[in-house]
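[1] test case, fold it:
(2 chains)
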There are 2 protein chains.
Amino acid sequence: MTDRIDVVGIGNALVDVLSHQTHEFLAAQELTPGAMTLIDTERAESLYAAMGPAVEISGGSAANTLVGVASFGGRAAFVGRVADDELGRVFGHDIRAAGVDFRAKPASGGQPSGRSLIIVTPDAQRTMNTYLGAAAQLGPSDVDHELVARAQVLYLEGYLWDEPDAKAAFRLAARTAHDAGNRVAFTLSDAFCVDRHRDEFMELVESEVDVLFANEAEITSLYEVDEFDDALQRVQHHCEIAALTRSERGAVVVARDEVHVVDAHPVAAVVDTTGAGDQFAAGFLFGLTHGYHLGTAARLGALAASEVIGHLGARPGVSLADLAAPVLSD
Amino acid sequence: MTDRIDVVGIGNALVDVLSHQTHEFLAAQELTPGAMTLIDTERAESLYAAMGPAVEISGGSAANTLVGVASFGGRAAFVGRVADDELGRVFGHDIRAAGVDFRAKPASGGQPSGRSLIIVTPDAQRTMNTYLGAAAQLGPSDVDHELVARAQVLYLEGYLWDEPDAKAAFRLAARTAHDAGNRVAFTLSDAFCVDRHRDEFMELVESEVDVLFANEAEITSLYEVDEFDDALQRVQHHCEIAALTRSERGAVVVARDEVHVVDAHPVAAVVDTTGAGDQFAAGFLFGLTHGYHLGTAARLGALAASEVIGHLGARPGVSLADLAAPVLSD
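    Coordinates of the predicted model:
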């Protein structure tokens, strides 16, 4: 085997199209505040026409996490599908420029590169409307097994479950990772996504997932309970490590025989919240793959999350390695 | 004649591709700090490959100004050329969403939509590398004479002078504006642009231009003098109104029989400077076309400039009409 890498991720390759709008706009467009909704071409066009001036920034949940891992100094790779068009080139440029190994050849013909039309409301919340396009055509043949086998952790996003071929790619990659003795990490992605796939996610968490990432809404949705603590009792028996984030209330990490309760890192001004989960996962995975104990890994996650919510866009604005240096030298 | 509009602009339709880099990066890429350089396809590709992760925001100097005029509540239109591709759609969406009348049909075939690869250094300065693409193919047939005749002011950018067909479009539009009894406004755009076209710009300023916009570097380059005041003495005899900006030292407006010296508007933190000139022109043109006297027009310009340099991107981040309300109620 050639060089080991730390984390390889598989997810939707998306460019975010961000626009500031009011809650009245959400209501007029019949959008559910804070949710990620999948939209078709026609809806993408009508919503884009109604949106104000926007900014384009590379995104995609798992892709953002891998960029964060690279920013900490980790060796990261990403597998996702883009078309041979300008947004595809933007996605490829940005993720490679961030230091992530991204080798996918853009697909010719077929659908255009995926994009997420994101409304940022004055409360710093994101409402996402994703046109998957080429990203949705990810399938088993896109999985680079040699790459997956080389990575300490395979990181998969719940959003993949929305498309049958992507689901097959997910299962195949998980098998390769386990056969090579590596860990499989999984994020539940979004409470509405959990709602769409609850039974299958439950089975995944029990049988395939070694490291689970979820926020409070997602984990309580998974177990259909009202209280965070009830979900905590359930998940503790289901996978090796669960890293559960609770926004300003910090994070709880449970493993078979240890638990860590870590505070959120203070933030001067919250500008745009959603990258928080992606970057928490980045910090945690960097820590996990670099021999830090789970409490330190969670603190790195909280640090990365606090950086990303201070600016627009879901990828780090500064070097997370520099930001983490004081924490790691303690 | 149907409805009057305030300002119609003709310029390069560009999407900005912004990346934060160090001065060492500029040196390694042999870029002149602060300049706008025209680049070809090959150079655009090699520079983009070397650049870090970027953000895409609609730009184009004159286009930014028209967006500013609309943000003040003015009736604004823009003429520029994009291709039938994603960056062209982004440009069209953003300028229309900002309230500017933009009717150009995207050109099929030919070159892709223009973009400016912009390096923002830690001193908040922009170094621009523009691949004009479809924007450079603007010619006389793109000029909408009915639209030009309807506008109180025709606003043209010096950058158009870099392409022969755009130059012809410029002259034709200026004739239509003057025949309709309207004013022709012109920005020198960039000191290096002035250097490329000094004699022709001088002739333009003397014979065609009613309202001239220039910053200190541009106006001293035009007259090849060292001192701002020397340039001021020259320009005063050459066009009806000259609005000269001097960064943190404010602006000087000279007309045949009046002069105004206006201070820069205070700014908390300068993030990205170049939109300053574009937005000064927006405020000034809004004031001029709404019956305010020249001193007030210059103050509106200074206000708009101070807003735009406080954030990334060369278009207003807030409603300039709201920002201007206290100034205009004095």
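
[2] drop to CA atoms for contacts and neighbour counts, all remaining ones
    Will do.

[3] now A:Gly301: which helix or strand?
    Element membership for A:Gly301, per DSSP states H and E: helix A:294-308.

[4] how far is that helix from where the chain is centred?
    The offset between the C-alpha centroid of helix A:294-308 and the centroid of the whole chain comes to 15 Å, using C-alpha atoms, centre = their mean, to the nearest Å.

[5] and for stretch A:237-246?
    When distances are taken as C-alpha atoms, centre = their mean, stretch A:237-246 is centred 16 Å away from the chain's centroid.

[6] just to revisit the earlier point, what's the helix holding A:Gly301 in contact with?
    A:68, A:243, A:250-251, A:253, A:260-267, A:272-273, A:275-288, A:314-317, A:320, A:323-324, A:327 (C-alpha atoms under 8 Å, 6 or more residues apart in numbering or on different chains).

[7] may I have it as PDB, with CA atoms only?
    Once side chains and other backbone atoms are set aside, the C-alpha atoms of helix A:294-308 remain, and they are given as PDB (Å, rounded to 0.1, in the frame of the first residue of the first chain):
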ATOM      1  CA  LEU A 294     -11.700  12.100  22.100                       C
ATOM      2  CA  GLY A 295     -12.000  15.200  24.400                       C
ATOM      3  CA  THR A 296      -9.300  17.000  22.500                       C
ATOM      4  CA  ALA A 297     -10.800  15.900  19.200                       C
ATOM      5  CA  ALA A 298     -14.100  17.400  20.300                       C
ATOM      6  CA  ARG A 299     -12.400  20.700  21.300                       C
ATOM      7  CA  LEU A 300     -10.800  20.900  17.900                       C
ATOM      8  CA  GLY A 301     -14.300  20.400  16.400                       C
ATOM      9  CA  ALA A 302     -15.700  23.200  18.500                       C
ATOM     10  CA  LEU A 303     -12.900  25.500  17.500                       C
ATOM     11  CA  ALA A 304     -13.300  24.900  13.800                       C
ATOM     12  CA  ALA A 305     -17.100  25.400  14.100                       C
ATOM     13  CA  SER A 306     -16.700  28.700  15.900                       C
ATOM     14  CA  GLU A 307     -14.400  30.000  13.100                       C
ATOM     15  CA  VAL A 308     -16.700  29.200  10.300                       C
END
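
[8] buried residues, whichever helix or strand comes after that helix. List them.
    Proceeding C-terminally, helix A:294-308 gives way to helix A:320-328 as the next helix or strand, assigned by DSSP H and E. Applying a neighbour-count criterion of 16 or more other C-alpha atoms under 10 Å in any protein chain shown, one finds A:320-321, A:323-324 buried in helix A:320-328.

[9] just the buried residues of the contacts of helix A:294-308.
    Here the buried ones among the contacts of helix A:294-308, as counted with 16+ other C-alpha under 10 Å, turn out to be A:68, A:243, A:250-251, A:253, A:260-265, A:272-273, A:275-288, A:314-317, A:320, A:323-324.

[10] of those residues, which belong to helices?
    Counting by DSSP state H, those place A:68, A:275-288, A:320, A:323-324 in helices.
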